[in-house]
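Asker: Generate coordinates for the sequence data below:
(one chain, ligands or ions: 1)
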Amino acid sequence: MDYHRLDEVGPGHGFGIYVHWPYCARICPYCDFNVYAAKDRDETPLIEAICNDIAAQKAILLRSHSAPDTLYFGGGTPSLISPAGLSRIIATVADRCGALRGEITLEANPNDITPQRLAEWKALGVTRLSIGVQSLEDDTLAFLGRDHSGDDARRAVALALETFPNTSVDLIYARPGQTLSAWEKELTAALDFGAPHLSLYELTIEERTAFGRRAARGELVPMDEDGQADLYELTQQVCESAGLPAYEISNHARAPELQSQHNQIYWNSGDWIGVGPGAHGRLTYGTGRNATVCHRRPADYIAAACHGRVGWAETERLGEAEIGQEFLAMGLRVAKGLDMARLERLTGPLDTARLAQLEEAGLLSRDKGRLALTPQGRLLADHVAAQLSK
Ligand code: SF4
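Answerer: Numbers count the residues shown, from 1 in each chain. Sure, this is the predicted structure:
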């Protein structure tokens, strides 16, 4: 790909660092992430490997990337990392990559949130929490295999908001048998917490999870697509009326400055260093854009990311078509849509007949040089992106 086109993606459009912490107190039956039971493991070897990996990946980038905008601790359950471990990673980022310019987000389980931990996280420079509440109903939380109750979640969010006004709450809906009125009540109760950001995900049943195996045996019946679509539409209405419109398919914020800065980097085809077992990254340097994937098993990752070496299991130089498709699929996720001129500089002219068809079908809209999904189009985002990349 020529240098001119490469300017349309990469660090000029945001640069972040994603840290994947793969351990959880227990494994939820719906979870499809790269996770392992925490047990009584010593965290030190993994913290050391992550720090090594950050330094090694940044060294490869030479001077092509200035200081990162964001640092995101995801997982898994990164709220299980000790304050000393978090401090070591944050200090490594500052030392090797330069002083962060934006937010530091920590995903947290409700049961890990205590006044002491909140004070420690704040002192370390964390600016934003993303709390895995998932539901406020005790029987649903038990069904989802979570180790907290609805009251635990309420208490955790109220405490967190005192220290981190920019706290996000995650909920899962479209659960088997969930009714519109039950979800409306639960969502309204969650909005009453006053958190300025919500991430609302539909439950997806993945084959290789415990739920997937139960579904295959006929013991669990996933919600059908029509039911999911009804709940999605209700979600949009309730959140909009509460002043938290969707700024992305699953994400809602009270104001633009309260949107996730880190996730914007993904949606805007910026660059990010991915570290930790199974973490993915995108790095644009030299003459190309590269997809990186770290070793999935913690032991393999720890063995790889030492003595100045990166923890990658694979890297792939992305071709022009892949870069364009990714830009399109990610850019369409945000409510403001994507910059059409930028897309055309990456992919060449768009198929105007196909664009017109999708507009006529009520799935896409064009305004002031931007291309966006309509509310109906958001239900079929992957289909629309696939149609446009043909
Ligand atoms: S806590 Fe989150 S990351 Fe861990 S197993 Fe449950 S859903 Fe997966």
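Asker: residues in contact with Leu118?
Answerer: 159-160, 162-164 (CB atoms under 8 Å, 6 or more residues apart in numbering). From N, CA and C alone the C-beta is placed, and that goes for glycine too.
Asker: From these, pick the one nearest the ligand.
Answerer: Ala160 (16.6 Å; CB to the nearest ligand atom).
Asker: buried subset of the contacts of Leu118?
Answerer: Among those, the ones that count as buried by 16 or more other CB atoms under 10 Å are 159-160, 163-164.
Asker: Quick check: of those residues, which lies closest to Ser64?
Answerer: Phe164 (32.7 Å; CB to CB).
Asker: Which stretches in the stretch 1-150 of the chain count as strands?
Answerer: Using DSSP state E, counting those that start in this stretch, the strands of the stretch 1-150 of the chain run over residues 15-21, 23-24, 36-37, 70-75, 104-108, 128-134.
Asker: These into TSV, with extra columns for distance to Gly331 and mean neighbour count?
Answerer: Below are those laid out as TSV (distance: least, CB to CB, whole Å; neighbours: other CB atoms under 10 Å):
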stretch	distance to Gly331	mean neighbour count
strand 15-21	17	26
strand 23-24	32	20
strand 36-37	34	12
strand 70-75	18	24
strand 104-108	22	24
strand 128-134	22	25
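Asker: wait, which of those is closest to Gln237?
Answerer: Evaluated over these, closeness to Gln237 peaks at strand 128-134, with 20.8 Å, by CB to CB.
Asker: Are we agreed that Asp170 is in a helix?
Answerer: No: secondary structure of Asp170 (DSSP: H, G, I helix; E, B strand; the rest coil): strand, not part of a helix.
Asker: Can you verify my assumption that it contacts Ser135?
Answerer: No: with contact defined as CB atoms under 8 Å, Asp170 does not reach Ser135; the gap is 10.0 Å.
Asker: Neighbour count: those two, which is higher?
Answerer: Ser135 (22 against 17; other CB atoms under 10 Å).
Asker: The strands of the stretch 1-150 of the chain: which one's closest to Trp272?
Answerer: The closest of the strands of the stretch 1-150 of the chain to Trp272 is strand 15-21. By CB to CB, the value is 4.2 Å.
Asker: how about the residue at minimal distance from the centre of the chain, secondary structure?
Answerer: With distances taken as CA atoms, centre = their mean, the chain has Asn263 as the residue nearest its mean C-alpha position (5.9 Å). Following three-state DSSP, the label given to Asn263 is helix.
Asker: which ones are touching it?
Answerer: 248, 251.
Asker: Quick check, pLDDT for it.
Answerer: Per-residue pLDDT puts Asn263 at 98.
Asker: ditto for Asp2
Answerer: If you check Asp2, the pLDDT there is 58.
Asker: Likewise for Gln237?
Answerer: The model reports Gln237 with a pLDDT of 97.
Asker: That one: helix or strand, and which one exactly?
Answerer: In the assignment (DSSP states H and E), Gln237 maps to helix 225-241.
Asker: who does the very next helix or strand once past that helix touch, helix- and strand-wise?
Answerer: Sequence-wise, the next helix or strand downstream of helix 225-241 (DSSP H and E) is strand 246-248. When contacts are defined as 3 or more CB pairs under 8 Å, 6 or more residues apart in numbering; DSSP states H and E, strand 246-248 sits against helix 225-241.
Asker: tell me what the helix it packs on is packed against?
Answerer: Packing contacts for helix 225-241, counted by 3+ CB pairs under 8 Å, 6+ apart, involve helix 180-191, strand 197-202, strand 246-248, helix 375-378.
Asker: between those, which one is nearest to Ile50?
Answerer: Closest among these, once you apply CB to CB, is strand 197-202, at 24.1 Å.
Asker: Neighbouring strands of that closest one in the sheet, and parallel or not?
Answerer: Here strand 197-202 is paired, per DSSP bridges, with strand 167-173 (parallel), strand 251-253 (antiparallel).
Asker: how about a markdown table for the ones you listed, with mean pLDDT and distance to the ligand added?
Answerer: Formatted as a markdown table, those follow (pLDDT from 0 to 100; distance: least, CB to the nearest ligand atom, whole Å):
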| stretch | mean pLDDT | distance to the ligand |
| --- | --- | --- |
| strand 167-173 | 98 | 9 |
| strand 251-253 | 98 | 17 |
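Asker: Thanks a lot, catch you later.
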